[in-house]
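Trainee: okay, structure incoming, though there's no sequence with it:
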């Protein structure tokens, strides 16, 4: 695209990479030319030569592509402001400050990515999704008129006028807590201040979140928080460049009130003040997390000016201080379903800027929350050409199925087994936890990898590499691999029974009460734990994966399909789930292995997108209205699918794709535990 | 005005007092007809027959004026709903419920004042100003859709939809604290709830302040608060009818940090944390006042849903938690000058509804505050045909001078003498305080009236009538009358000296150190106080009145006039000041006595207007921009006027009008105190 505004014989200026071009009178600053051409060149100080955001790289020589030849005098000489900046902070070779360098002749000017306002950051995860930076909170340097007795307006009113005149920010409001510091900051900065202004492009007026005398160079940060039933994870994001500068996770302390959501709803029902207790617990954890992550990044918590929160409906209500009792019974009415933008103070989030804002994504329905909305924002099933099933694995799993024509959503109460809870040797994902498992089909001997070490347990040096952590337990992705590997190695039959040592030929399948357990790791000689996979662990995983599969199947029924084109595994530990093992386990419908991908923590990514780009908020608010909600809790077919999905792998719809991948041993065991199990199943 | 919409031979309906008329098919409810004609007929329940706001009085017989004859069957018979209402709460004779009575024939229907939405309340004070009721917070009864699993929207979203569909209230928001109670209220009310919605007609969205199951009949109330340097006064106002249901006043506890504003600014400057101490003190007092006034009215404090606050700039900043230090030095920059609408919680106002809103009027300038704006709203100098001087008497006096062409404003630091402080026997206006004084010019004997008793002290029965309170001191209006009466009785000369007993011929002018004091009341025989007016009291009143007069004179200079057409005396005790005594004292410029009126607490009235009528808020916000501020603190002429105004009466511009009223004795005294005084003045 070119804007060719020819004026007499004025010098021609060509900007790259945009290709925008125009003629400007000699003496025009580069920043001015960029603005007039609509070139995306950043500036916080408005061309005063202090923020250095407008750095550009001029090119010299012949540019036949642009039809221009650039002489050595195309720009003014390096000036005193640039010299001072160079001495103080340094400029990369070849760089100029766009507000200082003045056009003298034809010139080609490159705007490096970090000088673009709408710079794009590539998400680190697999799908390479690009986030265009357009955060709601931005920093502005403003020069404010000094007070004049004969024109008596308040300092705030003059700051508001300056923001409008210099940056086009209209009618910015200030909280009382800021108003008390306004006068000091203005005088200390000699009427030049930096202000962080929140403007989410809703009808709400912009808000001044923070003020600093002079130019603030400490940055602005936001928290993208994925508030799960079992774990709370947060990414601290630089709102200027979009980089994740620190990550942290803590256990959700509400676990002591109930491991799954319905237990917590019951707790609220049975205990007066129970909901308030759980609200206090989760808010406390959010504060701990915010404090820890600011500490890890080494920033002042007051620089955290925004947070985006995604969570399921029960966590949503508990975090907001709303009793979740209505979510425990049909018709599962949410107190509110829409998106929410509110002061962090209302959530008692004190470990951030006292005027920080929180955005909470909309809920889709009573059992399908803001986390599912965040997954939809991140994975965009409604923009998919083929039919995609997105499975967000957690204590409560969210499932989305759809393509351009239609998107369905449901949630499924998988319980916390996939997160390592309710598993005999289970633990949360932390250094020392087994996260990968292989079992030799001939010897039946396992090898494992633990978090924090890239070696397998039979690699030389493994013991030394894991000496500090040891092997402490097994995390969610580890148990999924262990169960699938046991099935592939013939230690487990399709019904989920562990064979005895005589049936499997290995003493690792040791008796455990009336059933058997498989010994994965024996650290007892070194005073460490004996890590086994018990029959109870298998049952817990079977329940969880059956619930997950039944949810997927229900959506497929609603959609009227028998198979899906691709599957995306997501979740706080979604990046760690092995698609192959998930298919063997029967967590998901049969699909070509190369069409089963991991999206990592898609809900967390959705939160980060909403944090970095305010337009994404309006987008997801519109999107959720187009998602059709399927209620699992009252759907008889869900129960049917659930029961039928018990086998490993599920035997519901056959598994042509899985068959291409592995041949599963045709074993069938019969133990005391099995008799017990069959009796139970017959009842 | 008539809207004559003739449709065939449908019955004709004429509404009085509006005169609106139209034809409606038989069977149309009266309320429906009123709405279609735009007749101002209230309804909170939307025609469900439960709120009884739509009461009307049908008239029967011949109405030649309206060209209609009304038969006995013009309306449907009294129905079961009306019968039930009548039994439960009673209807005035002849009244019908507009939503139940159905039109059958030609009819004339009167809408009584209490059934009008925009009913008008007459202010109690002298000027009979009318306030049109249009409060920002209104009550609505709404029927909300029950939740439906297949249309999963939150309870809030369905309440919002109902408010929009049933009342045209769009996008009402709810705070978290309300959201937590929403679901319970909706279910308890079987999906019918009353909601109090705040909508101040600014770009800010409406806010749901409170919710009740079913029909709320307890009313909604607002506080109009006049936050003065010395006293804080509040009127509790019924937001439905506009009546003041309770009034209360307390001393401003900040007095312990300094009696006048500049002392408090100094306290903030000299003491770290001093401003915060004063903020805590005044907020505590506001809470005490709100609690006391709710108790007096016998209402639940949660029914106080709004407050309007007026105050001078220093009190404004201290109440908002802003250090007032900049107001103590030129250029007297306000932190903010605009109007402020904020949650009461931000002011830590906890003795009202937790979601109550506070509106604070705009300040005019660094020394002319929201109280002056409130006086301008109440007294409307900018709408005056003649030139009016409005003097709001308090510890800091606000003065407005103007007419339709132009309005000027200034403030003047009178100090607290006019409020009875710094006066030897001074006290605040309370039962037992002397508020009126007469001194016989021949005998020099005084008679007094005290607050709480209409008798003069020489009337028979006075002692018995005041037995419970006694005579305890002298309040602001009492000291003004005492000094003026002393001057008229020849006990005081023009320079402000009290004559000795030999010079005045009365032993009541008793020696008091090196000066004299006049004995106003001797209660010592009954164990009560001896109340005297000392030379020090005279000096304090002289300083106060000189400041007041100098401010008025400065405004007149700016306006280029030598006299004003009329004077309005206002202030917390403005209704009690005797115009004649104020003129003798020289508080105000010379004017015909019948052109000097008392407006009562005009600032408080302005607060009440802003509370009852949201349009008045926009009006005063626009008005203050048209008021020209005159700064007294840096104006040499102010000092000049101040010195020249020391005499009683002031000798600056002569007093032709005062001369018509009284002939002042030409006395001149010379006492020890006078010598002392002259030495002081010479230095």
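Mentor: Looks like it arrived, so ask away. Since the structure is predicted, the reported quantities are computational estimates derived from the model, not experimental observations.

Trainee: ok so residue A:557 is a helix residue?
Mentor: Yes - counting by DSSP: H, G, I helix; E, B strand; the rest coil, one finds residue A:557 located in a helix.

Trainee: please name the nearest non-neighbouring residue to it.
Mentor: Here the nearest residue to residue A:557 in space, its sequence neighbours aside, is residue A:637; by Cβ to Cβ, 6 or more residues apart in numbering or on different chains that works out to 6.3 Å. Where you see a C-beta, it was placed from the backbone N, CA and C, and this is true even at glycine.

Trainee: please apply the same query to residue A:79.
Mentor: residue A:100 (5.3 Å).

Trainee: next, count neighbours for the one you found.
Mentor: Residues near residue A:100, counting by other Cβ atoms under 10 Å in any protein chain shown, number 22.

Trainee: contacting residues for it?
Mentor: Neighbouring residues of residue A:100 by Cβ atoms under 8 Å, 6 or more residues apart in numbering or on different chains: A:29, A:49, A:76, A:79, A:81, A:82.

Trainee: what do you get for residue A:633?
Mentor: A:330, A:332, A:367.

Trainee: just to revisit the earlier point, ok, which pair from the contacts of residue A:100 is furthest apart?
Mentor: Farthest pair in the contacts of residue A:100 (Cβ to Cβ) is A:49 and A:76. Separation: 13.0 Å.

Trainee: got any ranges where chain A has weak pLDDT?
Mentor: Within chain A, the segments meeting pLDDT under 70 span A:1-8, A:118-129, A:572-575, A:651-654, A:671-683.

Trainee: picking that back up, the residue nearest to residue A:557: what secondary structure?
Mentor: Three-state call for residue A:637 (three-state DSSP): helix.

Trainee: could you pull out the helices in the stretch 301-450 of chain A for me?
Mentor: With helices called from DSSP state H, counting those that start in this stretch, the stretch 301-450 of chain A shows them at A:313-320, A:370-379.

Trainee: residues touching the shortest one, excluding its own?
Mentor: Contacts of helix A:313-320 from elsewhere in the structure, counted by Cβ under 8 Å, 6+ apart, are A:227-229, A:252, A:254, A:261, A:264-265, A:275, A:278-279, A:282-283, A:286, A:309, A:311, A:323-324, A:327, A:334-335, A:340, A:347, A:360, A:363, A:365-370, A:396, B:176, B:179-180.

Trainee: hmm, back to that, hey, which of the helices of the stretch 301-450 of chain A is tucked in deepest?
Mentor: Highest mean neighbour count among those (mean count of other Cβ atoms under 10 Å in any protein chain shown): helix A:370-379, with a mean of 31.

Trainee: OK, contacts around the residue positioned nearest the centre of chain A?
Mentor: Nearest to the mean C-alpha position of chain A, by Cα atoms, centre = their mean, lies residue A:604 at 1.8 Å. Contact analysis of residue A:604 by Cβ under 8 Å, 6+ apart lists A:224, A:226, A:233, A:235, A:310, A:374, A:572.

Trainee: ok, the second one to residue A:112 distance?
Mentor: Put plainly, it is residue A:226. For residue A:226, the distance to residue A:112 equals 33 Å [Cβ to Cβ, to the nearest Å].

Trainee: and what of the fourth one?
Mentor: In this structure, residue A:235 and residue A:112 are separated by 25 Å, where distance is defined by Cβ to Cβ.

Trainee: compare those two (neighbour count), which wins?
Mentor: Set residue A:235 next to residue A:112 and count neighbours by other Cβ under 10 Å: residue A:235 wins out with 24 against 16.

Trainee: that one is in what secondary structure piece?
Mentor: Using DSSP states H and E, residue A:235 maps to strand A:231-238.

Trainee: the residue in the stretch 451-600 of chain A that chain B sits nearest to: what's it in contact with?
Mentor: Per Cβ to the nearest Cβ, residue A:558 is where the stretch 451-600 of chain A lies closest to chain B, at 12.2 Å. Listed by Cβ under 8 Å, 6+ apart, the contact set of residue A:558 reads A:401, A:408, A:628, A:630.
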